[in-house]
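# sequence first, predicted coordinates after that:
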Amino acid sequence: MCSSDLRNVVLALRGTKERDEIFVDLAAQLVKWDDGYAHNGFLRSYEKLDKLVRPVIQEQMKNFPDYSFRVVGHSMGAAVASLLTIKWYQEYPDWDIHGYGYATPCCVSGDLSRESEPYFTTFVHHHDAVSRLSMGSIQDLHNGMRLFVSRVKEQYKQLAFLRSLNLALHSESKKVLAIVAEINDIITKNMQKELTGGDSPAHLLPAGKTYQLWREKRGSKFTTWQMYRSTSTDYARLTFSPTMLKDHGSQGYNSAFENMLSISVTERKIWLKMSIE
């Protein structure tokens, strides 16, 4: 697609839709790719797409030499868009290339995520689980639970699990919180060590420069979204929320951007001063 107003050649990739594409999302095996590692399922999808779209895009860029090339995608489409952008940025240095991913899954290793910051941008809505889910984050959850059980004495296991749901109301919570803090420190240190150059990483991250969209309810009938610059390592850990799956949908992203574009600066200041009910 060509945008004559913005002088862009645009390649738009949709998110997961068919049953077979769900299996691609779940194929979390890592493979060596480029100067790092990539999600094997998304990489296979990119390689298939590349053969189909490369001749078309080359022709468009030849016909419109003064146009920029933009790639955009949501969910699985964002993962494929990020891999395509990383590869084509190297292969077509004369093109003005930039990619945009909404709900970009964890698809590349930390080194590739950092290297792609100048030419790929990721947006993550609220507690979107897909942008935080990788084999590494699942392993952290599993290992953390096992370590938690091993730290709690046998006679306190059941009590700790029950009362950890309401920590603030029980004196025993201090012991549980200390164990949780210890586990968190261990997982964080191991994760940081891996992301700073370890071989065969378990954690994958969304590609590029990342921005977080947070949703807050203001009053009973009004919701605002705020956007801030995040870091890719913020998405190496799962966060749990009742909305973590719903937040992945395209509707949430659309609502967030429409809200931020439609509310004036003055109105936003007024709403942000209101207490959250």
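Received it, and whenever you're ready, just let me know what you need.

# quick one: the strands in the protein, in order.
Ranges of strands in the chain, per DSSP state E, are 2-3, 8-13, 30-33, 36-39, 68-74, 97-102, 120-125, 209-218, 222-230.

# give me the residues contacting the third one.
Identification of contacts with strand 30-33 by C-beta atoms under 8 Å, 6 or more residues apart in numbering yields 37-40, 43, 83, 109, 112, 135, 200-202, 204. To be clear about C-beta, it is placed using only N, CA and C from the backbone, and glycine gets the same treatment.

# with the fourth one instead?
Applying C-beta under 8 Å, 6+ apart, the contact partners of strand 36-39 are 27-31, 79, 83, 105-112, 115, 134, 200-201, 204.

# pull out the buried residues from it.
Across strand 36-39, burial judged by 16 or more other C-beta atoms under 10 Å covers Gly36, Tyr37, Ala38, His39.

# please apply the same query to the longest one.
If you call a residue buried by 16+ other C-beta under 10 Å, then strand 209-218 has these buried ones: Lys209, Thr210, Gln212, Leu213, Arg215, Arg218.

# for the protein, give me the ranges with low pLDDT.
Counting by pLDDT under 70, the chain has low-confidence residues at 1-5, 16-28, 137, 139-200, 265-266, 268, 271-272, 274-277.

# can you show me the helices along it?
19-26, 40-63, 76-91, 110-115, 135-151, 157-163, 173-195, 250-262, 265-273 (DSSP state H).

# isn't Leu49 right up against Leu84?
Yes. Here Leu49 reaches Leu84: they are 7.0 Å apart, a contact under C-beta atoms under 8 Å.

# of these two, who's got more company?
More neighbours surround Leu84 than the other of Leu49 and Leu84, with 25 against 17 (other C-beta atoms under 10 Å).
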